[in-house]
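Colleague: pasted the sequence and its predicted model underneath.
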Amino acid sequence: MITVRDLTVTFRAGNRLVPALRGVSLDVASGEVFGLVGESGSGKSTVLRVLAGLTRDWSGTLAIAGEPLGRRRTRAFHARVQMVFQDPYGSLHPRHTVDRALSEPLRIHRRAADRDARVLRALDDVGLDRSFRFRYPHQLSGGQRQRVAIARALILEPAVLLLDEPTSALDVSVQAEILNLLRRLRSERDLTMILVSHDLTVVGHMADRLAVMRHGQVVEEMPVDRLARGEPAHPYTRQLLRAAQGYDPATAEALLAEP
Amino acid sequence: MTMPPSPSSSSSPSSSSSAPPLLEIDRLRVDFPTETGVVRAVRDVSLTVRRGERVGLVGESGSGKTQTGRSVLGLLRPPARVSAARLTFDGQDLLGLSEREHRRLRGRRMAMILQDPRYSLNPVMRVGAQVVEAIRAAEPELSRRAARARAREALAAVRLHDVDRVLEAWPHELSGGMGQRVMIAMMIALGPDLLIADEPTSALDVTVRLQVLAILDELVRARTMGLLLISHDLPLVAGFCDRVAVLYAGRVMETVAAADLAKARHPYTRGLMAALPSVDGPRGDLPVLDRDPAWLSEGGGP
């Protein structure tokens, strides 16, 4: 469904060139949830932003459903590939109601004919009461806002959902609700998802396969079972795995000994 | 590492349970009057921290954990209303303190570390100058040279390797983990007896997080400092702390030994633990927390 070959991105910071991605290659099958894990600066979000067309300066080869992608994305592309960001407060317009946030994609893509029905269905789909329709983002909790962001991403019925840390701004109990929602939507709609997260437990719970990134490269790719069995091949992945399992003085001491 | 002794560490060197607690909070309340009525942010929270003890204060957003920490430090201003049956630090009543007396305690004897070092450091002042300033603000009698020496020791104590470079750096040149170590260095240079750390590692990557925690751990052990760790991260607190108080809607649901968190009895704590995804757990739906309205009227003490 998604093919990434030798993706390279270099950012310019003043006079310096900072390599953000150094030859990343990935294959995501149709209907698969693919996890992209790494620490800050590893390049995981950059992969997503390039795919979504938000970062235009890249080299390599990209294809979605066999169709090669260029620098610019067509309107049809955006109807098929949608993105959900970490902070729904930042991605929802503070002075637009939920209704307007959900209607906008329909208007842009000229599918406003049955707007009312679609907006109501979108609210139902993400488990939001219809009474939320005319509320503003500040009147919603963090979890409700993320449901709105997911509803907006799904309203055009895309085939691919790109998720950038979708639950890291949420409390654990709310995170569980959103992860359950994503899991249900995936099975109902046969969605293909790329889930970017710094949290190995979230990816371990949701993904079928995952890639671990560091310094702009993929250090290891594996099926999630291998992670569950605690058998990653790369030492860096094993370190992340140990760190994800809470504080342990021995592990922390070993990390302190490193420069 | 060599650090100056804190003023009272010699008088009560033991952290045994018979010694009076360093921090004693008994039925703390924090109210915020608003246009639509009084918001009761903290409702009868009781908690103790002893020397050499790492106490976790966990809860979701809005549970009152940060307001509890701020009350202890005397950082809440009107219209916030702070009251308690008892709020003492090393035997001293905190509620009756003047602003001036509180300020003398802060820094020297009680310190706080916040989540994101980027907002705690002055962006237009070199790191070394800031650490020196913090030290001299708490101990004005110290010479600039002596304060600088103290700053170096503190930065070395938090395992910052290239101390000279860090002293000369601007805050934006530091990574998140380095920035947080500078904050910790700034606090420990003053030798506080109590450190209140509010989500000190939430903005850090997992591996850096463990390093910062290891430094805090070492400080608690070596200095018999008391640590109140405010966090939303249950697995982290379970592994790091000695005891944990679980807050919900401004109330303590239960206080348990951190090692027993997995066997916690309160349905709220159990619900939170169950809602955590895991790498090797079942891959079906996560149990969703059902909040029982009865929780709002219980609690009030450990």
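Modeller: Yep, that arrived. Numbers count the residues shown, from 1 in each chain, chains lettered A, B, ... in the order given.
Colleague: let me see the contact set for residue 195.
Modeller: Defaulting to chain A. A:V33, A:F34, A:G35, A:L36, A:L163, A:P166, A:V202, A:V203, A:M206, A:A207 (Cβ atoms under 8 Å, 6 or more residues apart in numbering or on different chains). Just so you know, the C-beta spots here come from the backbone N, C-alpha and C atoms, and that holds for glycine as well.
Colleague: that's the wrong chain, I wanted chain B
Modeller: B:M110, B:A111, B:M112, B:I113, B:M187, B:I188, B:L216, B:L219, B:M225, B:G226, B:L227, B:L228.
Colleague: could you pick out the buried ones from those residues?
Modeller: Neighbour counting by 16 or more other Cβ atoms under 10 Å in any protein chain shown classes B:M110, B:A111, B:M112, B:I113, B:M187, B:I188, B:L216, B:L219, B:M225, B:G226, B:L227, B:L228 among those as buried.
Colleague: tell me the residues of chain A that contact chain B?
Modeller: Residues of chain A lying near chain B by Cβ under 8 Å from any Cβ of the partner chain: A:39-40, A:142, A:171-173, A:175-177, A:179-180, A:183-184, A:198, A:200-202, A:204-206, A:227-230, A:239-241, A:243-249, A:251-253, A:255-256, A:259.
Colleague: let's go with 7 Å and repeat that
Modeller: A:39-40, A:171-173, A:176-177, A:179-180, A:183, A:198, A:200-202, A:204-205, A:227-228, A:239-241, A:243-249, A:251-253, A:255-256, A:259 (Cβ under 7 Å from any Cβ of the partner chain).
Colleague: what subset of those is buried?
Modeller: Burial by neighbour count, 16+ other Cβ under 10 Å: within the residues of chain A next to chain B this picks out A:39, A:171-173, A:176-177, A:179-180, A:183, A:198, A:200-202, A:204-205, A:227, A:239-241, A:243-248, A:251-252, A:255.
Colleague: helix, strand, or coil at A:L17?
Modeller: Look at A:L17: counting by DSSP: H, G, I helix; E, B strand; the rest coil, its state is strand.
Colleague: who does it form a beta bridge with?
Modeller: A:R12 (DSSP bridges).
Colleague: OK, contacts around A:A52?
Modeller: A:V81, A:M83, A:L162 (Cβ atoms under 7 Å, 6 or more residues apart in numbering or on different chains).
Colleague: could you look up the SS state of the nearest residue to A:S197 once chain neighbours are set aside?
Modeller: Nearest residue to A:S197, sequence neighbours excluded (Cβ to Cβ, 6 or more residues apart in numbering or on different chains): A:V203, at 5.1 Å. Under the three-state scheme (three-state DSSP), A:V203 adopts helix.
Colleague: hmm, A:R209 and A:V203 touching each other?
Modeller: No: contact criterion Cβ atoms under 7 Å: A:V203 and A:R209 do not qualify, at 9.9 Å.
Colleague: which of those two has more neighbours?
Modeller: Set side by side, A:V203 and A:R209 show more neighbours around A:V203, with 26 against 20, by other Cβ atoms under 10 Å in any protein chain shown.
Colleague: and stretch B:188-200, what's buried?
Modeller: B:188-200.
Colleague: for it, the distance to its chain's centre please.
Modeller: Relative to its chain's centre, stretch B:188-200 lies at 7 Å (Cα atoms, centre = their mean, to the nearest Å).
Colleague: buried sites along stretch B:125-137?
Modeller: B:R126, B:V127, B:G128, B:Q130, B:V131, B:V132, B:E133, B:A134, B:I135, B:R136.
Colleague: I'd assumed B:A147 was in contact with the last one.
Modeller: Yes: between B:R136 and B:A147 there is a contact under Cβ under 7 Å: 5.0 Å.
Colleague: next, work out how far apart the closest residue to A:P249 other than its chain neighbours and B:L174 are.
Modeller: Distances taken as Cβ to Cβ, 6+ apart put B:D217 closest to A:P249, at 6.6 Å, once the chain neighbours are dropped. Going from B:D217 to B:L174 by Cβ to Cβ, to the nearest Å gives 22 Å.
Colleague: check A:Y247 too.
Modeller: 23 Å.
Colleague: same thing with A:N15?
Modeller: Using Cβ to Cβ, A:N15 is found at 21 Å from B:L174.
Colleague: find the nearest non-adjacent residue to residue 248, please.
Modeller: No chain in the question, so chain A it is. Per Cβ to Cβ, 6+ apart, closest to A:D248 is B:G239, 5.7 Å.
Colleague: my bad, chain B
Modeller: B:Y248 sits nearest to B:Y268 (Cβ to Cβ, 6+ apart), 5.1 Å away.
Colleague: pLDDT weak spots in the chain?
Modeller: All of this is about chain A. In the predicted model, chain A carries pLDDT under 70 at residues A:256, A:258-259.
Colleague: wait, chain B
Modeller: Across chain B, the ranges flagged by pLDDT under 70 are B:1-18, B:298-302.
Colleague: so B:R148 is in contact with B:V131, correct?
Modeller: No: using Cβ under 7 Å as the test, B:R148 is too far from B:V131 to be in contact (8.5 Å).
Colleague: hmm, back to that, adding secondary structure and distance to A:D125, write the buried ones among the contacts of B:L195 out as JSON lines.
Modeller: Formatted as JSON lines, the buried ones among the contacts of B:L195 follow (DSSP: H, G, I helix; E, B strand; the rest coil; distance: Cβ to Cβ, whole Å):
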{"residue": "B:M110", "secondary structure": "strand", "distance to A:D125": "50"}
{"residue": "B:A111", "secondary structure": "strand", "distance to A:D125": "49"}
{"residue": "B:M112", "secondary structure": "strand", "distance to A:D125": "44"}
{"residue": "B:I113", "secondary structure": "strand", "distance to A:D125": "42"}
{"residue": "B:M187", "secondary structure": "helix", "distance to A:D125": "48"}
{"residue": "B:I188", "secondary structure": "helix", "distance to A:D125": "52"}
{"residue": "B:L216", "secondary structure": "helix", "distance to A:D125": "44"}
{"residue": "B:L219", "secondary structure": "helix", "distance to A:D125": "50"}
{"residue": "B:M225", "secondary structure": "coil", "distance to A:D125": "51"}
{"residue": "B:G226", "secondary structure": "strand", "distance to A:D125": "50"}
{"residue": "B:L227", "secondary structure": "strand", "distance to A:D125": "45"}
{"residue": "B:L228", "secondary structure": "strand", "distance to A:D125": "43"}
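Colleague: so which residue of the stretch 51-200 of chain B comes closest to chain A?
Modeller: When scored by Cβ to the nearest Cβ, the stretch 51-200 of chain B has B:E60 as its residue closest to chain A, at 4.0 Å.
Colleague: how near is that residue to B:L234?
Modeller: For B:E60 relative to B:L234 (Cβ to Cβ), the value is 10 Å.
Colleague: which among the contacts of A:A52 gets closest to chain B?
Modeller: Here the nearest of the contacts of A:A52 to chain B, counting by Cβ to the nearest Cβ, is A:L162; it sits at 19.8 Å.
Colleague: identify all contacting residues around the helix or strand containing that closest one.
Modeller: Using DSSP states H and E, A:L162 sits in strand A:160-164. Here strand A:160-164 makes contact (Cβ under 7 Å, 6+ apart) with A:1-2, A:45, A:48, A:51-52, A:64, A:80-86, A:153, A:191-196.
Colleague: next SSE after it?
Modeller: Taking DSSP H and E, what comes next after strand A:160-164 is helix A:172-189.
Colleague: contacting residues for residue 84?
Modeller: Just so you know, I chose chain A. Residues counted as contacts of A:V84 (Cβ under 7 Å, 6+ apart) are A:A149, A:I150, A:A153, A:L161, A:L163, A:D164, A:P166.
Colleague: sorry, I should have been clearer: chain B.
Modeller: Counting by Cβ under 7 Å, 6+ apart, B:A84 has contacts B:I25, B:D26, B:R27, B:L28, B:R29, B:L95.
Colleague: distance of the first one from chain A?
Modeller: Meaning B:I25. Applying Cβ to the nearest Cβ, to the nearest Å, the value for B:I25 to chain A is 24 Å.
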